[in-house]
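Novice: Structure for this input, please:
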Amino acid sequence: MAASEKTVSADERRKNVVDALIREHLAPHVKRIDAESFYPADYLKSLGAAGLLDSRDASPGEIRARGVRLVEETSKICMTTGFNLWCHLAALTYVRGSGNEFLRQRLLPELENGKLLGGTGLSNPMKFYAGMDKLILQAEVAEGGYRLSGTLPMVSNLADDHWFGVVASLGDSRRVMAFVPCAAEGLKRTERIGYLGLNGSATFACEFSGVLAPRSWIVAEEADAFVARIRPLFILYQIPLGLGVIDASIRSMERVRDKQRGCNRFLREQPETLEDELRELREQTYRLASTERPESGDVVQELLGLRLKTAYLALRAVQADMLHGGGSAYLRNSAPSRRLREAYFFANLTPTIKHLEKMRQSGAFSGTIPS
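Specialist: Residues are numbered from 1 along each chain as shown. Down below sits the predicted model:
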């Protein structure tokens, strides 16, 4: 058997496993996730238990491509859950990239096998590094580590036994990054719900009142350099959130193609056009996921442009889906209306469209964006 045939077979086996887990643990709960703030922890844990997050015996490019594929397949069914999965992949990225032996030897195996889940508190730091916000968390040196103080307004994919990444300032010139448990003494979480969508994302405001982060929790003593290294993956894993929503919207439009004697063909936006654009974005995403040096300047610029294009196409696709669906799409709990709300979250997920437009228009990256 040729090597390529082995690869295809392995990919197909993985896809079959993912499809089965989606059918069993995710699809039956999508309406509860959207309407009742149900947190799909069992689905997220099932991915790890099935070995789909295992990084052993895999190249960095394979790990990235598998992560992207998982987020896309999940987001086709429910982008809230795709977002939860992205949070966990971000947490995995921090621990995999850290030189901290406790994190790598003790926590990484459990994060990969689904026994532990993780989140990311880096929305504010990403805005800080883009010159858009002050860094909220402050750190001071303490015996055995650092004490952290401040309140992060929104951190997602959290529960009592979860861990998440944070960045805190040590004065004006240095930052540290830590991976902290939700059960840490001095950490208070307040659930945030009432959003237009994504209420099943297990999002909390996190108040740090002198939380002691021992050195065994420190991801990086020099957070500036570490964040610069992991930022491309932070963005890469977001892109399939949009790909999944776009794909699901196209399939939805195809299902109502003949509705009202084919009247949808007179609408300006047609699924074939969106499909062509989706194909280009998807091919670019998987090519970048497999590249050897995702942190290189050219790749980072391409990722930023791709992230922006995907956000815009997602907005077009969900609006078209609403128009093609007509009255049935306008029902409060319809799938097109859920995707509409999900796409607006994607557009406002850090880095937001306005954040990316600021970067593009200041020359941080180039690329033609459809009007």
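Novice: Provide a list of residue ranges in the protein with pLDDT below threshold.
Specialist: Along the chain, the parts satisfying pLDDT under 70 run over 1-8, 367-371.
Novice: Can you find which helix in it contains the most residues?
Specialist: Once the chain is assigned using DSSP state H, the helix that runs over the most residues is helix 297-325.
Novice: Could I get the buried residue list for that helix?
Specialist: Judged by neighbour count (16 or more other CB atoms under 10 Å), helix 297-325 contains these buried residues: 299-322, 324-325. Yep, even glycine has a C-beta here, placed from its N, CA and C like the rest.
Novice: So which elements touch it?
Specialist: For helix 297-325, the contact count by 3 or more CB pairs under 8 Å, 6 or more residues apart in numbering; DSSP states H and E identifies helix 223-236, helix 239-255, helix 271-289, helix 335-348, helix 353-361 as packing neighbours.
Novice: Highest mean neighbour count out of these?
Specialist: Per-stretch averages of neighbours, counted by mean count of other CB atoms under 10 Å, single out helix 239-255 among the helices and strands packed on helix 297-325, with a mean of 24.
Novice: Tell me how far that one lies from the chain's centre.
Specialist: In terms of CA atoms, centre = their mean, to the nearest Å, the gap separating the centre of helix 239-255 from the centre of its chain is 16 Å.
Novice: returning to what we had before: I'd like the helices and strands packed on helix 297-325 written out as a markdown table, with distance to residue 34 added.
Specialist: As requested, the helices and strands packed on helix 297-325 are exported to a markdown table (distance: least, CB to CB, whole Å):
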| stretch | distance to residue 34 |
| --- | --- |
| helix 223-236 | 25 |
| helix 239-255 | 13 |
| helix 271-289 | 23 |
| helix 335-348 | 5 |
| helix 353-361 | 23 |
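Novice: Of all these, which one is nearest residue 85?
Specialist: Nearest of these to residue 85, taken as CB to CB: helix 239-255 at 9.0 Å.
Novice: For whichever strand or helix holds residue 141, name the packing helices and strands.
Specialist: Under the criterion DSSP states H and E, the helix or strand holding residue 141 is strand 138-142. Other elements packing on strand 138-142 under the criterion 3+ CB pairs under 8 Å, 6+ apart are strand 145-155, strand 163-170.
Novice: neighbours around residue 263, how many?
Specialist: If you count neighbours by other CB atoms under 10 Å, residue 263 ends up with 12.
Novice: Likewise for residue 113?
Specialist: One way to gauge burial is a neighbour count; for residue 113, by other CB under 10 Å, it gives 16.
Novice: List phi and psi for it.
Specialist: Backbone torsions for residue 113, taken as degrees, to the nearest 10, come to phi -90, psi 10.
Novice: ok so, going back, tell me which of the helices and strands packed on helix 297-325 lies nearest to residue 168.
Specialist: Between residue 168 and the helices and strands packed on helix 297-325, the shortest gap by CB to CB is with helix 223-236, which sits at 8.1 Å.
Novice: Bridge partners for residue 176, pull those for me.
Specialist: With DSSP bridges applied, residue 176 shows beta-bridge pairing to residue 168.
Novice: quick one on the thing from earlier: can the helices and strands packed on strand 138-142 go into CSV with extra columns for distance to residue 89?
Specialist: Conversion of the helices and strands packed on strand 138-142 to CSV gives the following (distance: least, CB to CB, whole Å):
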stretch, distance to residue 89
strand 145-155, 15
strand 163-170, 12
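Novice: and the residue lying closest to residue 247 once chain neighbours are set aside, what element?
Specialist: On the basis of CB to CB, 6 or more residues apart in numbering, the spatially nearest residue to residue 247 that is not a chain neighbour turns out to be residue 76, at 5.4 Å. If you go by DSSP H and E, residue 76 is part of helix 60-77.
Novice: Buried residues of the strand holding residue 141, list them for me.
Specialist: residue 139.
Novice: Output it in PDB with nothing but the alpha carbons.
Specialist: What follows is strand 138-142 as a C-alpha-only set of coordinates in PDB (Å, rounded to 0.1, in the frame of the first residue of the first chain):
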ATOM      1  CA  GLN A 138      -1.100  42.800  37.500                       C
ATOM      2  CA  ALA A 139       1.600  40.500  39.000                       C
ATOM      3  CA  GLU A 140       3.900  41.000  41.900                       C
ATOM      4  CA  VAL A 141       6.800  38.700  43.000                       C
ATOM      5  CA  ALA A 142       5.900  36.500  45.900                       C
END
